[in-house]
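Enquirer: From the sequence below, what's the structure:
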Amino acid sequence: MRGWRYAIVPALLVLVFAGLAALVTWSDLPAEERAAVAAAFNAQRVSVLVILALGFAAAVGFAAKRIADRTAVPARRVAEGMRLMLSSNPGFRVTPEGAPEIAEVATLANQLADANAALKADVEAKIGAARADLEAEKNRLAALMSELASSVVVCNLEGAILLYNGSAKRLLGGADGSLVGLGRSVFGVLDRNVILHALDSIGRQIANGAAHPDAQFVAAGPEGGLMRVRVAPVLGHADGGRPDLTGYVLLVADVTDSIEAGQRRDALLQSLTESGRAALANIRASIENLVEFADMKPERRAQFTAIIREEALKLSERLDAVTREFSEVVKAEYSVEEMRGEDLVAVACARIENRVGLPTKLETIDPDVWLKVDSFSIAQGLSYLAARLKEDFEIREVRFRLGASGRHAQLDLLWRGAPLSAETAFTWENDPLHLGGEPSPLTLKNVLERHGGEGWYQRDLPLQSAYYRLVLPLAAAPARARIAAPSAASRPEYYDFDLFRQLPQNRALEERPLAELACTVFDTETTGLDPSSGDEIISIGAVRIVNGRLLAGESFESLVDPRRELSAASMDVHGITPEMLAGQPAIGEVLPRFARFAEGTVLVAHNAAFDMRFLAMKESATGVRFTQPVLDTLLLSAVAHPNQETHSLEAIAERLGVAIVGRHTALGDALVTGEVFLRLVPLLAKQGIRTLGEARAASEKTFYARVSY
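Expert: Reported below is the predicted structural model:
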């Protein structure tokens with residue numbers, strides 16, 4: 001329709017000019033001449049003149065249209081292409097078309113773009129070389145943060161998360177991990193008032209000149225667990241060099257088990273104290289009576305003796321019960337970690353030599369064996385065995401042997417000397433581990449059971465030696481293989497330090513620049529195109545944009561069982577089959593999870609009216625309503641490139657130089673749409689459209705905004 005205005009406007013001008021000329025001429029004629037003209041032009045002749053005028057106007061309009069098609073329209077397309085080359089897609093080249101002069105301008109524009117690209121490539125190469133060390137440091141930080149076992153979250157003063165690691169996402173992210181992400185508020189997972197109180201404390205410490213200000217607190221986690229949080233400040237320097245709080249670091253640990261274990265220990269101690277106090281009081285009273293009344297009758301003495309015996313038995317039984325319970329508490333606190341078997345043997349040798357006073361030697365030790373053990377309890381158990389060998393059998397030296405057998409490792413403690421009886425080995429396995437002032441309620445059998453292993457005594461007659469074998473679990477993989485930094489392409493974006501400069505959260509959302517919005521870019525796949533007729537969502541995919549960056553590592557993807565048949569036509573488009581949907585969650589389960597993922601962000605989609613209609617149709621059934629602002633890349637493309645004939649996702653991606661991967665999969669289309677949106681932002685800015693409100697207002701004026709579903 002835009003091209004035809006070049007024809008309609010000149011044609012109307014010709015008709016208006018002809019009509020005005022006729023009117024002026026008619027008004028200037030004397031009366032007798034008017035009568036003569038009126039007599040000369042009857043109705044038939046007037047019709048002919050009107051037809052001739054309309055024909056002339058049409059000819060002028062057609063000519064103007066042809067001229068516009070050769071000049072104005074190509075010129076506008078060249079201008080749009082040049083804007084595209086200058087901003088979103090430097091690799092784009094204008095197609096020479098239209099009049100020779102316009103085609104020549106397009107050719108020169110392409111040549112200038114080639115020259116500019118060459119210069120830019122040279123500059124970027126130099127900048128890249130200069131930034132190589134900085135990038136290496138950043139990648140090392142990313143690798144360190146991702147592999148660090150401690151949970152780390154860094155926030156700005158508004159509580160927006162600007163750095164986190166995988167451990168923090170697993171600990172605080174909730175069931176689906178969606179609570180933790182760049183730009184999300186930490187107050188969604190930890191209580192705001194507790195954090196603000198900690199920051200107030202840190203602020204007072206800074207004001208008082210503390211060298212290392214920090215604060216600690218315990219708070220409830222998102223899944224109901226107890227989190228111990230240490231808060232450390234991120235300091236900048238205000239005018240005059242005074243330290244200024246710009247953000248904070250949270251070091252988070254789940255202490256639910258340790259606190260519960262402590263409570264159980266306290267309860268055991270209290271119950272033992274209360275029960276023991278009464279028993280000891282009865283025993284003491286009975287003994288005092290026996291001592292004070294030496295001539296007491298035999299039957300009376302027998303009563304007091306029975307009381308002492310009964311109370312002593314009760315106390316002994318209670319001590320045994322408490323010991324068993326305490327053993328379970330200690331077992332629950334074991335820290336099982338991966339380590340080299342060779343290192344475990346070295347620890348055991350050092351303990352035996354220092355605490356038991358026995359020399360140790362090594363036989364065959366496989367250096368490639370990695371174990372998953374609690375090193376302290378295993379070393380304590382081996383030291384205990386060595387001590388019993390020295391005390392009971394006067395063994396003067398022990399040796400170690402280590403090797404792998406299937407999915408387990410065999411760790412042998414060897415000695416030469418008297419053999420053990422089965423009863424002795426059984427006793428040693430079931431007695432508490434007491435060694436060098438380190439009493440423990442655990443037994444060697446407890447330790448091995450805790451590891452899912454076992455142990456036994458065996459005699460090696462040919463070598464005239466004996467050994468006690470511990471069968472322990474092998475680690476799934478060497479720990480050193482796990483600390484290698486993955487490639488930059490596969491690593492999730494865990495940090496964004498530019499969020500330190502984020503604007504205050506109370507700024508009106510409509511006035512926020514597009515480049516600063518936190519967005520959820522999403523797409524749906526459906527059984528068909530008509531939600532009003534019963535078509536259903538079968539897949540939702542989404543990815544987040546924070547601070548102008550597409551975070552491929554923070555994505556949402558889920559298939560949905562539509563509880564209805566799929567048409568062959570829809571399967572040809574998205575490739576999802578009924579077998580793939582069998583056993584998948586229903587929309588009532590998936591939609592609340594997606595709503596949580598998208599919470600607090602602007603929704604972005606291509607042809608968003610279609611996707612939003614499907615979501616709206618499920619409001620009553622799921623209770624989930626999406627009230628946040630929505631941006632549509634189809635409408636934004638029509639605003640940025642009004643002279644282009646098509647605004648399909650493929651066409652826009654091609655114009656903007658975005659590679660299409662995974663087309664017609666929900667997550668794949670969401671990723672493409674996110675890239676398209678980011679490249680449209682600078683194009684819209686050149687037209688004066690910089691904020692969310694301006695983008696929404698401009699979108700509503702496009703022709704495509706009239707389409708409904």
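Enquirer: and the next element down the chain from the least confident helix or strand in the chain by mean pLDDT?
Expert: Lowest on mean pLDDT, DSSP states H and E among the helices and strands of the chain sits helix 132-147, with a mean of 65. The helix or strand immediately downstream of helix 132-147 is strand 151-156, counting by DSSP states H and E.
Enquirer: Go ahead and name everything in contact with that next one.
Expert: 145, 161-165, 167-168, 170-172, 180, 186, 234, 246-253, 495, 499-500, 502 (C-beta atoms under 8 Å, 6 or more residues apart in numbering). C-beta coordinates here come from the backbone N, C-alpha and C atoms, glycine included.
Enquirer: Filter these down to the ones in strands?
Expert: 161-164, 234, 246-253 (DSSP state E).
Enquirer: So of these, which two are at opposite extremes in space?
Expert: 246 and 253 (24.6 Å; C-beta to C-beta).
Enquirer: three-state assignment of residue 400?
Expert: Assigned by DSSP: H, G, I helix; E, B strand; the rest coil, the conformation of residue 400 is strand.
Enquirer: wait, what's in contact with the residue lying closest to it once chain neighbours are set aside?
Expert: Of all residues not flanking residue 400 in the chain, residue 345 sits nearest, at 5.0 Å (C-beta to C-beta, 6 or more residues apart in numbering). Counting by C-beta under 8 Å, 6+ apart, residue 345 makes contact with 362, 365, 400, 402, 411.
Enquirer: Compare those residues and tell me which is most surrounded.
Expert: residue 411 (27 neighbours; other C-beta atoms under 10 Å).
Enquirer: A strand includes that one, no?
Expert: Yes - assignment of residue 411 by three-state DSSP places it within a strand.
Enquirer: Tell me who's in contact with it.
Expert: By C-beta under 8 Å, 6+ apart, the contact set of residue 411 is 341, 344-345, 400-402, 469-472.
Enquirer: can we see that at 10 Å?
Expert: If a contact means C-beta atoms under 10 Å, 6 or more residues apart in numbering, then residue 411 has 341, 344-345, 348, 365, 369, 371, 373, 378, 382, 400-403, 453, 455, 467-472 as its contacts.
Enquirer: Go through the residues you listed and flag which are in strands.
Expert: Those of the contacts of residue 411 lying in strands (DSSP E): 365, 371, 373, 400-403, 455, 467-472.
Enquirer: Can you flag the buried ones in these?
Expert: Buried residues within these, counting neighbours by 16 or more other C-beta atoms under 10 Å: 365, 371, 373, 400-402, 455, 467-472.
Enquirer: Tell me which of the ones in strands among the contacts of residue 411 has the lowest pLDDT.
Expert: Across the ones in strands among the contacts of residue 411, the smallest pLDDT goes to residue 373, namely 85.
Enquirer: give the contact list for residue 513.
Expert: Applying C-beta under 10 Å, 6+ apart to residue 513 gives the contacts 503, 548, 681, 685, 690-692, 694-695.
Enquirer: What sits closest to residue 430 if chain neighbours are left out?
Expert: Nearest to residue 430 is residue 443, by C-beta to C-beta, 6+ apart, at 5.2 Å.
Enquirer: State the distance from residue 372 to residue 348.
Expert: From residue 372 across to residue 348, the span is 17 Å (C-beta to C-beta, to the nearest Å).
Enquirer: Of those two, which one has the most company?
Expert: residue 348 (24 against 17).
Enquirer: Can you tell me how far the more buried one is from residue 380?
Expert: Distance from residue 348 to residue 380, counting by C-beta to C-beta: 9 Å.
Enquirer: follow-up on the earlier one: possible to save the contacts of residue 345 as a markdown table with distance to residue 586?
Expert: Shown next, in a markdown table, are the contacts of residue 345 (distance: C-beta to C-beta, whole Å):
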| residue | distance to residue 586 |
| --- | --- |
| 362 | 61 |
| 365 | 56 |
| 400 | 58 |
| 402 | 53 |
| 411 | 51 |
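Enquirer: closest to residue 230 among those?
Expert: So of the contacts of residue 345, ranked by how close each gets to residue 230 (C-beta to C-beta), first place is residue 411, at 37.3 Å.
Enquirer: pLDDT score for residue 296?
Expert: Residue 296 is assigned 80 on the pLDDT scale.
Enquirer: actually residue 484, not the one I wrote
Expert: 34.
Enquirer: Equivalent analysis for residue 48, please.
Expert: pLDDT for residue 48: 68.
Enquirer: Residue 7 now?
Expert: pLDDT, residue 7: 62.
Enquirer: Now render the contacts of residue 513 as JSON lines, adding neighbour count and secondary structure.
Expert: Putting those into JSON lines (neighbours: other C-beta atoms under 10 Å; DSSP: H, G, I helix; E, B strand; the rest coil) gives the following:
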{"residue": "503", "neighbour count": "11", "secondary structure": "coil"}
{"residue": "548", "neighbour count": "15", "secondary structure": "coil"}
{"residue": "681", "neighbour count": "21", "secondary structure": "helix"}
{"residue": "685", "neighbour count": "17", "secondary structure": "helix"}
{"residue": "690", "neighbour count": "18", "secondary structure": "coil"}
{"residue": "691", "neighbour count": "20", "secondary structure": "strand"}
{"residue": "692", "neighbour count": "21", "secondary structure": "helix"}
{"residue": "694", "neighbour count": "19", "secondary structure": "helix"}
{"residue": "695", "neighbour count": "25", "secondary structure": "helix"}
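Enquirer: can you put the residues you listed in JSON lines and add pLDDT and distance to residue 75?
Expert: Shown next, in JSON lines, are the contacts of residue 513 (pLDDT from 0 to 100; distance: C-beta to C-beta, whole Å):
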{"residue": "503", "pLDDT": "47", "distance to residue 75": "39"}
{"residue": "548", "pLDDT": "88", "distance to residue 75": "32"}
{"residue": "681", "pLDDT": "94", "distance to residue 75": "25"}
{"residue": "685", "pLDDT": "92", "distance to residue 75": "22"}
{"residue": "690", "pLDDT": "92", "distance to residue 75": "26"}
{"residue": "691", "pLDDT": "93", "distance to residue 75": "30"}
{"residue": "692", "pLDDT": "92", "distance to residue 75": "32"}
{"residue": "694", "pLDDT": "93", "distance to residue 75": "26"}
{"residue": "695", "pLDDT": "93", "distance to residue 75": "26"}
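Enquirer: Was I right to think residue 253 contacts residue 172?
Expert: No - using C-beta atoms under 10 Å as the test, residue 253 is too far from residue 172 to be in contact (11.2 Å).
Enquirer: Pop out the phi and psi values for residue 182.
Expert: phi -60, psi 130 (degrees, to the nearest 10).
Enquirer: Then residue 53?
Expert: phi -60, psi -40.
Enquirer: now the one 4 residues further on
Expert: Listed backbone geometry of residue 57 is phi -60, psi -40, with angles given as degrees, to the nearest 10.
Enquirer: what's the burial count for it?
Expert: Residue 57: 21 neighbours (other C-beta under 10 Å).
Enquirer: Contact partners for it?
Expert: Counted by C-beta under 10 Å, 6+ apart, residue 57 has contacts 7-8, 10-18.
Enquirer: Let's see which of those end up in strands.
Expert: Among the contacts of residue 57, no member lies in strands (by DSSP E).
Enquirer: Return the member of those residues nearest to residue 463.
Expert: residue 7 (106.6 Å).
Enquirer: follow-up on the earlier one: who touches both of residue 253 and residue 172?
Expert: Common contacts of residue 253 and residue 172, defined by C-beta under 10 Å, 6+ apart, comprise 151, 227.
Enquirer: Could you check which of those two is surrounded by more residues?
Expert: residue 172 (26 against 16).
Enquirer: how near is residue 174 to residue 253?
Expert: From residue 174 to residue 253 the distance is 18 Å (C-beta to C-beta).
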